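> One predicted model, sequence on top.
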Amino acid sequence: MDSLSEFLLVVGMALVTFAARYPILAFFGRLNPRPYVLSALKFVPPAVLSAIIAPSMLMPEGALDLQPRNAFLVAGILAALIAWRTKNLLLTIFLGMAALWLWRAVMGAL
């Protein structure tokens, strides 16, 4: 793929993303939603993130894998514990990735 095609692809993706999101945001910006709607919307990002992460963590090879050799599961559990205790996103990401790499190295050596 040449540079012009890549550039046009990125511009096209940006336009599609903008076209899909802007009308909703423009419409929602004119409304005065009730407090229970605003409080419910706070749960959307964690729910979407969980829906993305959980299958990758629990089924890295396409089937349920709850064994200790599953580095994604071990690192995910450790990252969840770090996030719960510290409430520090950067520390959670750093230590979670370090745990993943370390666990993969240890399990690969066995």
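That came in fine, so what should we check first?
> can you tell me the helix or strand for the residue nearest the centre of the chain?
In the chain, the residue lying closest to the centroid (C-alpha atoms, centre = their mean) is residue 49, at 4.3 Å. Element membership of residue 49 [criterion: DSSP states H and E] is helix 44-58.
> now that helix: how far from the chain's centre is it?
Per C-alpha atoms, centre = their mean, to the nearest Å, the displacement of helix 44-58 from the mean C-alpha position of its chain is 6 Å.
> Stretch 39-48 now?
Between the centre of stretch 39-48 and the centre of its chain there are 13 Å (C-alpha atoms, centre = their mean).
> After the longest helix anywhere in the chain, heading C-terminal, what element do we hit next?
For the chain, the helix with the greatest residue count under DSSP state H is helix 3-30. From helix 3-30 onward toward the C-terminus, using DSSP H and E, the following helix or strand is helix 35-41.
> CA-only coordinates of that following helix, as PDB, when you get a sec.
Listed in PDB are the C-alpha atoms of helix 35-41, where the atom choice follows Å, rounded to 0.1, in the frame of the first residue of the first chain:
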ATOM      1  CA  PRO A  35     -29.500  13.000  36.800                       C
ATOM      2  CA  TYR A  36     -30.100   9.200  36.700                       C
ATOM      3  CA  VAL A  37     -29.200   9.100  33.000                       C
ATOM      4  CA  LEU A  38     -25.900  10.900  33.700                       C
ATOM      5  CA  SER A  39     -25.100   8.600  36.600                       C
ATOM      6  CA  ALA A  40     -25.900   5.600  34.400                       C
ATOM      7  CA  LEU A  41     -23.600   6.900  31.600                       C
END
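> With that, I have no additional questions.
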